[in-house]
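**Student:** Sequence and predicted model, in that order:
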Amino acid sequence: MANAHWYLVLNGKSAGDDAVREAVRVMRERGQELSVRVTWEDGDAERYVREAIAANAVMVVAGGGDGTLSEVAQALAHAGHDALALPALALMPLGTANDFAAATGIPVEPLPALQLAAHNPAVPMDLLQVEGDGQVHWCANLASGGFGTDVTVETHDGLKKVLGGLAYVVTGISRLGRIEPVSARIHGEGFHWEGSFIALGIGNGRQAGGGQVLCPDALLDDGLLDLTIVPELAGELMPTLGTLFSEGRHAALEQVAERARLGELWIEAEQPMTLNLDGEPLQARRFHVRCAPARVRMHLPAGCGLLVG
């Protein structure tokens, strides 16, 4: 793919990263045309993706965490329905937890991440489309609610810089005594659940919030949402959390969670609740979440376990 134009949409927090600069330099020396655009405020990613499309770029690399990945994916989704007519998507993981990269096996070092994008063909990938506040939002990895959402939203940037992914654990421990279950009705074709939950995951990907594996069987290209609901169990809240956050999470989820695989679903909460869309909190009482099959093409590792093929 040498000489085909790439755009790197880089989160402003990583603009001074020496490893990123070195990776860009190496790729350019190898003949790769690579334009770098740094985000500063809301709307920048959308504007840079439009610029990339106008420049006939073949790839847009999201340089940042899961939130940056979703921002760029959302901008591509806004640009049109035909993924083949749009630049492919790639990821240079530069976030704190890099949950999407961890689950898919994308290298967290900048140069290997770009090399992977150069050598592995782009494959179709689904996106989550979420309507919850009168507007449509897009999510590449996972939408979460309840305990995990509160932890992700409340974890301070300064703490993340010092402790990395451990910051989510510290924040989670600090919240254990004040978890408030969310009362809601969740339904889709052939599925209905009503009650109070402490954690909710709607997956295209499998994990969020620094390694919380909420949708352990989710696939990126199956045209379906993986739903996991961890209900409030009277008198068993702490043992439930202890089981979930210890080894064997997959088995624990099978024991305590309600799970389903759906094309779309609706959430109706008694009070306004927050869904975390890859780090972007969205608050509403009603949400409509659907899977948009093959909405983008993405460069992923060969043999990635999150693909049907």
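**Tutor:** Here it is on my side, so go on.

**Student:** okay, CA-based contacts and neighbour counts for the rest of this
**Tutor:** Fine.

**Student:** how about the longest helix anywhere in the chain: buried residues?
**Tutor:** Using DSSP state H to define each element, the chain has its longest helix at helix 66-79. The neighbour-count check on helix 66-79 (16 or more other Cα atoms under 10 Å) flags 66-77, 79 as buried.

**Student:** Can I get that helix in PDB? Just the C-alpha atoms.
**Tutor:** Extracted C-alpha coordinates of helix 66-79, given in PDB (Å, rounded to 0.1, in the frame of the first residue of the first chain):
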ATOM      1  CA  ASP A  66     -11.100   3.800  22.200                       C
ATOM      2  CA  GLY A  67     -12.800   7.200  22.200                       C
ATOM      3  CA  THR A  68     -10.700   8.500  19.400                       C
ATOM      4  CA  LEU A  69     -11.400   5.200  17.500                       C
ATOM      5  CA  SER A  70     -15.100   5.800  17.800                       C
ATOM      6  CA  GLU A  71     -14.800   9.500  16.900                       C
ATOM      7  CA  VAL A  72     -13.100   8.500  13.600                       C
ATOM      8  CA  ALA A  73     -15.400   5.600  13.000                       C
ATOM      9  CA  GLN A  74     -18.400   7.900  13.600                       C
ATOM     10  CA  ALA A  75     -17.000  10.400  11.100                       C
ATOM     11  CA  LEU A  76     -16.700   7.700   8.500                       C
ATOM     12  CA  ALA A  77     -20.200   6.500   9.200                       C
ATOM     13  CA  HIS A  78     -21.500  10.100   8.700                       C
ATOM     14  CA  ALA A  79     -19.700  10.200   5.400                       C
END
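
**Student:** what does that helix rub up against?
**Tutor:** Defining contact as Cα atoms under 8 Å, 6 or more residues apart in numbering, one finds that helix 66-79 is touched by 9, 11, 45-46, 49-50, 60, 62-63, 86-87, 89, 91, 93, 95, 98-100, 137-141, 277-280, 295-296.

**Student:** and the angle from the helix or strand just after it to helix 66-79?
**Tutor:** Per DSSP states H and E, the first helix or strand lying C-terminal to helix 66-79 is strand 88-93. Relative orientation of strand 88-93 versus helix 66-79 (axes from the mean of the first three to the mean of the last three Cα atoms, to 10 degrees): 170 degrees.

**Student:** other SSEs contacting the very next helix or strand once past strand 88-93?
**Tutor:** Of the helices and strands lying after strand 88-93 in sequence (DSSP H and E), the nearest is helix 99-104. Under the contact definition 3 or more Cα pairs under 8 Å, 6 or more residues apart in numbering; DSSP states H and E, helix 99-104 sits against strand 207-208.

**Student:** Cross-check the contact I'm expecting between Val61 and Leu91.
**Tutor:** Yes. Here Val61 lies in contact with Leu91, judged by Cα atoms under 8 Å, at a distance of 5.3 Å.

**Student:** which residues in the stretch 201-309 of the chain form strands?
**Tutor:** Applying DSSP state E, counting those that start in this stretch to the stretch 201-309 of the chain gives strands spanning 207-208, 212-213, 225-231, 258-262, 264-277, 280-299.

**Student:** now the ones you listed in a markdown table, with mean neighbour count?
**Tutor:** A markdown table is the format used below for the strands of the stretch 201-309 of the chain (neighbours: other Cα atoms under 10 Å):
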| stretch | mean neighbour count |
| --- | --- |
| strand 207-208 | 28 |
| strand 212-213 | 20 |
| strand 225-231 | 25 |
| strand 258-262 | 18 |
| strand 264-277 | 20 |
| strand 280-299 | 21 |
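
**Student:** for the chain, where's the lowest mean pLDDT among helices and strands?
**Tutor:** Sorting the helices and strands of the chain by mean pLDDT, DSSP states H and E puts helix 166-175 at the bottom, at a mean of 38.

**Student:** Asp18: neighbouring residues, count only.
**Tutor:** When neighbours are counted by other Cα atoms under 10 Å, Asp18 registers 11.

**Student:** how many neighbours does Glu41 have?
**Tutor:** 9.

**Student:** And Ala143, by the same measure?
**Tutor:** 31.

**Student:** Skipping its backbone neighbours, what lies nearest it in space?
**Tutor:** Leu277 (4.7 Å; Cα to Cα, 6 or more residues apart in numbering).

**Student:** can you tell me which residues contact the one you found?
**Tutor:** Gly67, Trp138, Cys139, Asn141, Leu142, Ala143, Ser144.

**Student:** so how far is Cys304 from it?
**Tutor:** Separation of Leu277 from Cys304 (Cα to Cα, to the nearest Å) stands at 23 Å.

**Student:** Ok, Ile186 next?
**Tutor:** In this view, Ile186 and Cys304 are 31 Å apart by Cα to Cα.

**Student:** cool, and Pro121?
**Tutor:** Distance from Pro121 to Cys304, by Cα to Cα: 12 Å.

**Student:** can you pull the contacts of Gly145?
**Tutor:** Counted by Cα under 8 Å, 6+ apart, Gly145 has contacts Ala199, Leu200, Gly201, Met273, Thr274, Leu275, Asn276.
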